[in-house]
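S.K.: need the 3D shape of this:
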Amino acid sequence: METVDGVGDPRRALGGFLRARRGRMAPERVGIKAGGRRRVRGLRREELAQLAGISVDYYVRLEQGRATQPSPEVLDALARALGLDAAERAHLATLAGDRRGSAPDARVSPLLRRILDGMAGLPAFATDHRLDVVAWNALGGELIGGVGAPGRRDRNNARFLFLDPAARHVQPDWQDRAAEAVGQLRVAAGRYPDDAGLTALITELSERSADFRAIWATGEVVMCTAGRKRLRHPQAGLLTLDFEILHVPAGPGEPGLVVHVYGAADGSPDAEALARLADRVN
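M.R.: Numbering: from 1, shown residues only. Model (predicted):
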């Protein structure tokens, strides 16, 4: 399998991320006139080095993986020059740290399963750092495409999004959901560079999906948060739902889980449609 830039090799991950983000920076955004034909997309290396106040030689060594642990001051300067947000800054700091090891498989406790089942009227499911759906209640499994039914959909959210045509029907805002999935996998790859299962997943998606490759090349970084999403169900129709992300702390040596909970305002058409679907599946 071909190596994906920035995955499985901590020495290359920092440079791969910097290269991707440099390619996203329009010269005009930082006051550089882009007249004439430019041979590179985004900023040139020397332009970014100048904006960050570091030598071109040192920046080149960072991108090439020959300098892997820049100081906090250099990281801050690069983050400012690249216009990184809080999540991207945190990822940059992770890549510049002393990373090693892989995450063990997530543990779903009996209590967590009872909690999910106890929220029968709210769709809920839990994912691990590889975006595997590892636990769900009946309504949650049904809402996201039938994850509880054998053979109905892949239980890895990223594989489902990029390799299953049904995902674009379930997720009408597919491009946004795809970018989120790639951004979350990039964060996980930064934290767990030796995770063979995670590396294999990212490599597989890169080989089989041009969409995945294109989004990965942008250096997308996403942390789980709250908000609103649209989902389409064959019986309930198109639903616009609020969602919250709950983080289940990890035990010693274990990665944490992320619990996704959906709902709608009482009395709204979406809440009524969700209640009818809950009556059908519970």
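S.K.: residue 277: which element?
M.R.: Using DSSP states H and E, residue 277 maps to helix 269-281.
S.K.: in that helix, what's buried?
M.R.: Of the residues in helix 269-281, those buried under the neighbour-count criterion (16 or more other C-beta atoms under 10 Å) are 270, 271, 273, 274, 277, 278, 281. (Each C-beta comes from the backbone N, C-alpha and C, glycine too.)
S.K.: also stretch 16-36?
M.R.: Buried residues in stretch 16-36, defined by neighbour count with 16+ other C-beta under 10 Å: 16, 17, 18, 19, 20, 21, 22, 24, 25.
S.K.: what's the helix or strand for the closest residue to residue 55 other than its chain neighbours?
M.R.: Sequence neighbours aside, residue 49 is the residue nearest to residue 55 in space, at 6.5 Å (criterion: C-beta to C-beta, 6 or more residues apart in numbering). When elements are defined using DSSP H and E, residue 49 is found to belong to helix 45-52.
S.K.: now residue 246
M.R.: Counting by DSSP H and E, the element that carries residue 246 is strand 237-248.
S.K.: residues touching the nearest residue to residue 171 once chain neighbours are set aside, list them.
M.R.: The shortest distance from residue 171 to any residue other than its chain neighbours is 4.6 Å, reached at residue 177 (C-beta to C-beta, 6+ apart). With contacts defined as C-beta atoms under 8 Å, 6 or more residues apart in numbering, the neighbours of residue 177 are 161, 167, 171, 229.
S.K.: which ChimeraX command selects the buried ones in those residues?
M.R.: Only the buried entries of those go into this ChimeraX selection, using 16+ other C-beta under 10 Å:
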select :161,167,171,229
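S.K.: residue 86: which of the contacts of residue 177 is nearest?
M.R.: residue 229 (21.4 Å; C-beta to C-beta).
S.K.: distance from the chain centre to the helix or strand hosting that closest one, please.
M.R.: Remark: residue 229 resides in strand 227-233, with elements defined by DSSP H and E. In terms of C-alpha atoms, centre = their mean, to the nearest Å, the centre of strand 227-233 is found 17 Å from the chain centre.
S.K.: so for it, mean pLDDT?
M.R.: Within the predicted structure, the mean pLDDT of strand 227-233 is 95.
S.K.: buried set for that strand?
M.R.: When neighbours are counted by 16+ other C-beta under 10 Å, the buried residues of strand 227-233 are found to be 229, 231, 233.
S.K.: residue contacts, the first one?
M.R.: Read that as residue 229. For residue 229, the set of contacting residues under the criterion of C-beta under 8 Å, 6+ apart consists of 173, 177, 240, 241, 243, 262.
S.K.: distance of it relative to residue 145?
M.R.: Using C-beta to C-beta, to the nearest Å, one gets 13 Å for the distance from residue 229 to residue 145.
S.K.: same check, this time on the last one
M.R.: If you measure residue 233 against residue 145 using C-beta to C-beta, the figure is 9 Å.
S.K.: again with the second one
M.R.: Relative to residue 145, residue 231 is positioned 9 Å away (criterion: C-beta to C-beta).
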